[in-house]
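Peer 1: Provided below are the primary sequence and the corresponding predicted coordinates.
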Amino acid sequence: MDTVKLTIDNKQVEVKAGTTIYQAAKDAGIDIPVLCYMNLHDMGIENKPAGCRICVVEVEGRKNLAPSCSTPCQDGMEVKTNTVRVLNARKTVLEFILSDHPKDCLICPKSGDCELQDLAIKLGIRNIPGEDIAEVSTYRLDTSPSIIRDLDKCIMCRRCETMCNDIQTVGALSAINRGFRAVVAPAFEQNLEHSSCTYCGQCVAVCPTGALTEADHTNEVLRHLANPAKTVVVQTAPAVRAALGEEFSMRPGTLVTGKMVAALRQLGFDYVFDTDFAADLTIMEEGTELLRRLSAHIDGDKNVKLPILTSCCPGWVNFFETYFPDLKDIPSSARSPQQMFGTIAKTYFAGKKNIKREDMVVVSVMPCLAKKYECQREEFSSNGNPDVDLSISTRELAAFIRQANIDFRSLGEESFDNPLGESSGAGVIFGTTGGVIEAAVRTAYEMYTGKTLERVDFEELRGMEGVREASIDFDGLELNIGIAHGLGNARKLLDDIRSGKSKYHAIEIMACPGGCIGGGGQPRHHGKSEILKARASALYLEDRNKAIRKSHENPFIRELYSSFLGRPNSGKAHNLLHTGYFDKKKKIIVKQ
Amino acid sequence: MSSIKIELRKQDIEKIREIAASFGNDEQELINVLHKCQEHFGYLPAEVQEVISEALQVPLAKIYGVVTFYSFFTMTPKGQNPVSICMGTACYVRGAEKVLEEFKKELEIEVGQTTDDGRFSLSSLRCVGACGLAPVVMVGDKTYGRVAPDDVKDILKEYS
Amino acid sequence: MDKKIKQLRLVLRNCGFIDPENIDEAIARDAYLSMGKVITEMHPAEAIKIVKESGLRGRGGGGFPTGLKWEFACNNKADRKYVVCNADEGDPGAFMDRSVLEGDPHSVIEAMAICAYCIGAGEGLIYIRAEYPLAIKRLKTAIAQAREYGLLGKNILGTGFSFDIELRYGAGAFVCGEETALIHSMEGLRGEPTVKPPFPAESGYHGKPTNVNNVETLACIPVIFSKGADWFSKIGTERSKGTKVFALAGKVNNVGLVEVPMGTSLREVIFEIGGGINNDRKFKAVQTGGPSGGCLTEEHLDTPIDFDNLIEAGSMMGSGGMIVMDEDDCMVSVAKFYLDFTVEESCGKCAPCRIGNKRLYELLDHICKGKGDMADLDRLRNMSEVIKDTALCGLGQTSPNPVLSTLDNFYDEYLAHVMDKKCPAGQCRGLMEFFIIEENCVGCTACARVCPVNAIAGERKEPHKINKGICIKCGACMEKCKFDAIIIQ
């Protein structure tokens, strides 16, 4: 392996050829500040337009300063990261950036979690010279069901553009205009709602400032909680428990299920339930559908479509409705766990408790921003009353807990309420890439073969590679499984299906890199992929610790079917738990 | 948001697809396709960009990003008589700014706009390479050299 | 024709002497002779050596040694390589590339073929401004004729060397003169530059080794091969060889293109070829290098013009714009004019250029309005130096040059603006005051009626007065007054 030797701030370092000055310095314990640069190692996600010029350093013999994020080390280089020239340049450039940025940090949703703010603190900016004569660019505020775009705060780091185009291949965002008016926006500067945005929220997950944030619903939740006439039910998605602790300075990967339940109870929710319960329910419906389609296929039915695609990820649903409407009868018709939960809560549970539908409010806590949009979809409501009233993100829940003066770290562990709070380990792993299909396999295997599955852990389905595949032996039948996370990876599998090249029977797709643990509503990973891996491990740990590991063994699921739904894919189950998809491809209007 | 919403006729869509196809529907040919479409329609309204997006399989936002990057492309229709004032250095030194101001005053529009009756549009150009005639004004293909603010009314009169 | 006394036409050798739409006329003046010699008699390395020995440096602005650039592209192995001609001439006040393309398109085609042979490329692209319709037409004609004569296409002159050229159109973005931005533009993207390395010679168009040269550089190539590297390198100064075409404009008597040997002084160009200053006014400054260059003064008039001397004097060669200014030009306003251009043309990718240049412009405007103070001058310098030091591409790195060079060479004028609140050239309206000379005023009230802000008061047939507090200095009153009663000071 080729290496190069250089000095950074008089320290001798030796690095692999091709290493950037920024990385070499970091490895040597010198933390050069960056702003636009972002790199999720080993997930293939990198953004380095070298546009912010904050990371500049002095290189002996070079006439201007070098951006350390994108300048490779060379043999014999002498790099200085903190000369007066560098410090002055860095500060002046930051002053430039701040001169075109609102100073409403007090009420900015990103305050305290803002990379620009951190940098201003680090560099000790106390005033912006020339502010009185500086034009500040302003843009129309865009409020969509999931994402708020306040472009006055955009610093053109282009991270969102990279996520939206290179990683997700959604293409809703692009740099537009040029010079001082340059900004990242959808086509024609329309609102996101009119663009091809899938609300996956990956742009929000990486935005260093308050330019892209989630539509915050905590105040509405508070209003419902304060209304004594309402029974407020909360459900929490699997990935939330593996990340919420980070918001309270806990080590990434700390499971906080019990503390989270305790906090939700303190916040005043009448019932604290688990979306994992609905995940088990999803497996029952989706697994049955898989087997039905598989059997028909084996029997030679040409009308049946394979592979079956999972449908629990709303960003992914939006993606195929927009880009692959011709394939819209391939995904499973099973609703997502969030929506299954909502409908069961407002029918089965409300009935049990004698609560009128309109008096019940279902709130979901999700790692996801697309869930905010999903729960507003018209088909998921009954006479205008939505099955899930409000969806808040992991970050919003954390903010809510802090507002309520709850010392999260010292909370005791509490358990979910029943009946919608019990889940199997299979429901838990829904939160990470590969988890849904592993959960489905555990149930489908037993349904198909009639035998007990001894080996529950399918290591071959786990991991962080963007596209994975495995064959599972269903007692002689080889079930070919594909897994993709990140919509760009999903697109590859879909292109294969479209061209008839796909060899899979079932495919799991998650819109976000890493699955829900890397969702757009999660605590910010700030470019550290180790955090995502720690969260995934936490979910597998919770799965291992569960007494029940298979969805169909969840006693409350059995009870739900025997007393309410009948059997999986029954008429009633179909009405309540399944859905259809729409062609949302942009149509060109033709004058007749 | 695009201020003008137009509906394309079937033959317009065919025309755009034909142009895209003549460049092999290659996304790298986007700028050439935009040039040809602007040549045909006079400007690049949102709907034209939508058809190009579909033909070249390039996200619409990217196309809009390109259209708004290059000053040659416009999303507003030009006037029947496009007035362009050269703002190259030679013209500037010889008073092009005052000439431009006069045109703005007379036409009651800003640079990049078209008069309400659609007869004139106003733009400023980079050097047109006629520095010897500075300051230079072009109306359509006709070039006027050594223009003084006082000449503006007379120039416009030729087109009324 | 005394204008041509000191001129030496290498680049413009055929312009005006041939019908550019007739390849026979070009061939009669030796077009394609050099190409024939190179591809039939020379090894690429040999030919590159000649270009290196000629000392030719890039005419597009940077002055990078052309032979070296070819060598890099030659040494990078790849299945495909490209030769690109940068004809996106965009410096305000420069039009030499257009003249070459319109007057002698074959010289560029021939040079591209030679380059392609040297570096091992099979395809050439000319990136040309869409605003140059005549140049486009002539290039198309020339390419078609060259193909017909077997000078382009497959197996040229039976040597087995194949090369052809396509046109790509710019769409009005000055930054596309920067080679990485140009390549992105040719790929159908926004013309944003990217960090170098990688240089286009390693990874350019389609990620393949690509050599980008500008029109004027290429036009030198056939001459170098026909007359020899030795001959070429005898013209010019120690480190700048050959000739340079300048677009002389501004307040000189003879404007237009001039081609002179490197090392000619500014005085010879302006006063001998250019015939001196208009209306016998006093020479004040000459701006070279367009928005990337700077303003030079009287004391630089005898400096031999070459790449390095101009940089040392605080300007640069740029693509060869040369704007002469007289005592009526305000240097602060001139700096502001160039910044206005840069702000307009910045691609917006990097913060120093996107925001910094805007701030520079605003501060210059502030000073022109008479609102600046001494601290602003320090800030102007600091911002300029930081932008120069941190901007991503050549456009941003050179954009503060007009400010820095005027600060260096015309500091007194800045001082006059901020300390005395006066514009010595009488250009900055914000620093002027309008007065009515009582003796001349007959009280016709015309000025009062035309004043848009009602700043003029007075009885009919009595001298009027301007209320300075209200006056917006629009000058309408002065234009209206028939008695020369209104003056500015």
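Peer 2: Yes, it's here.
Peer 1: need phi/psi at residue A:409.
Peer 2: Backbone torsions of residue A:409, given as degrees, to the nearest 10, read phi -60, psi -30.
Peer 1: give me the pLDDT for residue C:5.
Peer 2: pLDDT recorded at residue C:5 is 54.
Peer 1: how about the strands in chain B?
Peer 2: B:8-9, B:81-86, B:120-125, B:137-139, B:142-144 (DSSP state E).
Peer 1: show me the one of these that comes nearest chain A.
Peer 2: Set against chain A and scored by Cβ to the nearest Cβ, these come closest in strand B:8-9, at 5.1 Å. The C-beta positions use only the backbone N, C-alpha and C, and glycine is treated the same way.
Peer 1: how about the helices in the stretch 101-250 of chain A?
Peer 2: Along the stretch 101-250 of chain A, counting by DSSP state H, counting those that start in this stretch, helices occupy A:115-122, A:159-161, A:202-206, A:218-225.
Peer 1: how about the last one: buried residues?
Peer 2: Going by neighbour count (16 or more other Cβ atoms under 10 Å in any protein chain shown), the buried part of helix A:218-225 is A:218, A:221, A:224, A:225.
Peer 1: over to the first one?
Peer 2: Within helix A:115-122, the residues that qualify as buried are A:115, A:116, A:117, A:119, A:120, counting by 16+ other Cβ under 10 Å.
Peer 1: and the contacts of that helix?
Peer 2: The contact list for helix A:115-122 (Cβ atoms under 8 Å, 6 or more residues apart in numbering or on different chains) reads A:33, A:35, A:54, A:94, A:97-98, A:101, A:105, A:110-111, A:155, A:208-209, A:526.
Peer 1: now with 10 Å?
Peer 2: Applying Cβ atoms under 10 Å, 6 or more residues apart in numbering or on different chains, the external contacts of helix A:115-122 come out as A:31, A:33-36, A:38, A:52, A:54, A:90-91, A:94-95, A:97-98, A:101, A:103, A:105, A:108, A:110-112, A:114, A:125-126, A:128, A:153, A:155, A:157, A:206-211, A:524, A:526-527.
Peer 1: just those residues that are near chain C?
Peer 2: With Cβ under 10 Å from any Cβ of the partner chain as the criterion, those include A:35-36, A:52, A:54, A:90-91, A:94-95, A:97-98, A:101, A:128, A:155, A:157 near chain C.
Peer 1: how close does the nearest residue to residue C:105 once chain neighbours are set aside sit to chain B?
Peer 2: Nearest non-adjacent residue to residue C:105, counting by Cβ to Cβ, 6 or more residues apart in numbering or on different chains: residue C:142, 3.8 Å away. Between residue C:142 and chain B the computed distance is 19 Å (Cβ to the nearest Cβ, to the nearest Å).
Peer 1: now the contacts of helix A:115-122: which count as buried?
Peer 2: A:33-36, A:38, A:52, A:54, A:90-91, A:94-95, A:97-98, A:101, A:108, A:110, A:114, A:128, A:153, A:155, A:157, A:206-211, A:524, A:527.
Peer 1: got the contact list for residue A:582?
Peer 2: A:317, A:321, A:322, A:325, A:328, A:377, A:379.
Peer 1: ok, the residues you listed vs chain B, which is closest?
Peer 2: residue A:322 (11.1 Å).
Peer 1: tell me what the helix or strand containing the closest one is packed against?
Peer 2: In the assignment (DSSP states H and E), residue A:322 maps to helix A:314-323. Applying 3 or more Cβ pairs under 10 Å, 6 or more residues apart in numbering or on different chains; DSSP states H and E, we find helix A:314-323 packed against strand A:308-309, helix A:370-374, helix A:487-498, strand A:506-510.
Peer 1: looking at the ones you listed, which is closest to residue B:86?
Peer 2: Among the helices and strands packed on helix A:314-323, the nearest to residue B:86 by Cβ to Cβ is helix A:487-498 (46.0 Å).
Peer 1: so is the closest one next to chain B?
Peer 2: No - Helix A:487-498 stays out of contact with chain B when judged by Cβ under 10 Å from any Cβ, the minimum separation being 11.6 Å.
Peer 1: avg pLDDT for that helix?
Peer 2: Averaged over helix A:487-498, pLDDT sits at 95.
Peer 1: ok, the closest residue to residue C:410 other than its chain neighbours to chain A distance?
Peer 2: Excluding the flanking residues, the one nearest residue C:410 by Cβ to Cβ, 6+ apart is residue C:331, at 4.1 Å. Applying Cβ to the nearest Cβ, the value for residue C:331 to chain A is 21 Å.
Peer 1: show me what contacts residue A:414?
Peer 2: Taking Cβ under 10 Å, 6+ apart as the test, what residue A:414 contacts is A:257, A:258, A:259, A:260, A:261, A:262, A:263, A:264, A:265, A:266, A:272.
Peer 1: next, the last one: phi, psi?
Peer 2: Geometry field for residue A:272 lists phi and psi as phi -110, psi 110, criterion degrees, to the nearest 10.
Peer 1: and the residue of the stretch 101-250 of chain A nearest chain C?
Peer 2: residue A:182 (2.7 Å).
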